[in-house]
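J.: give the three-dimensional model of this entry:
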Amino acid sequence: MAQSSITQKEIEHWGLRKDQNGIWRCVGRLRRMMPQIEDFPYFIKKGKLAELIVKYYHENSFHASVHYTWTKMRQRYWIPTDIGFHTDVHILRKY
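T.: Residues are numbered from 1 along each chain as shown. I've put the predicted structure just below:
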């Protein structure tokens, strides 16, 4: 699973918390910036699921730019920038 191998270091670094369904959500900095937010983004690690999510958002935004795709995706999913953005660029180059 995409969330089964999350380390203690990642939990602390990203401020992750499990929701009522046991799914990791990125709460950390977002809680301080937007205290009214109730539905924090899902935390997704590098892997096939991250690739499918990026592909979905890219195709559903009519092959928009990397930055646009990234912005739309971040509203629902949090893929660490050091992993996610490079994954995004790599995937978008395929399509």
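J.: C-alpha only now, for contacts and for neighbours.
T.: Fine.
J.: P41 and Y77 touch, don't they?
T.: Yes. Assessed by C-alpha atoms under 8 Å, P41 is found in contact with Y77 at 4.7 Å.
J.: tell me where this protein has helices.
T.: 8-14, 28-33, 48-60, 66-74, 81-94 (DSSP state H).
J.: state the mean pLDDT of the first one.
T.: What that stands for is helix 8-14. In this model, helix 8-14 carries a mean pLDDT of 89.
J.: again with the fourth one
T.: When pLDDT is averaged along helix 66-74, the result is 85.
J.: for the shortest one, same thing?
T.: Within the predicted structure, the mean pLDDT of helix 28-33 is 62.
J.: cool, the last one as well?
T.: Per-residue pLDDT values over helix 81-94 give a mean of 61.
J.: report pLDDT for W24.
T.: On pLDDT, W24 comes in at 90.
J.: now it: how far from H63?
T.: Distance, W24 to H63, using C-alpha to C-alpha, to the nearest Å: 29 Å.
J.: neighbour count: these two, which is higher?
T.: The residue with more neighbours, out of W24 and H63, is W24; 21 against 15, by other C-alpha atoms under 10 Å.
J.: does that one touch K18 like I think?
T.: Yes. Look at W24 against K18 with C-alpha under 8 Å: they come within range, at 4.4 Å.
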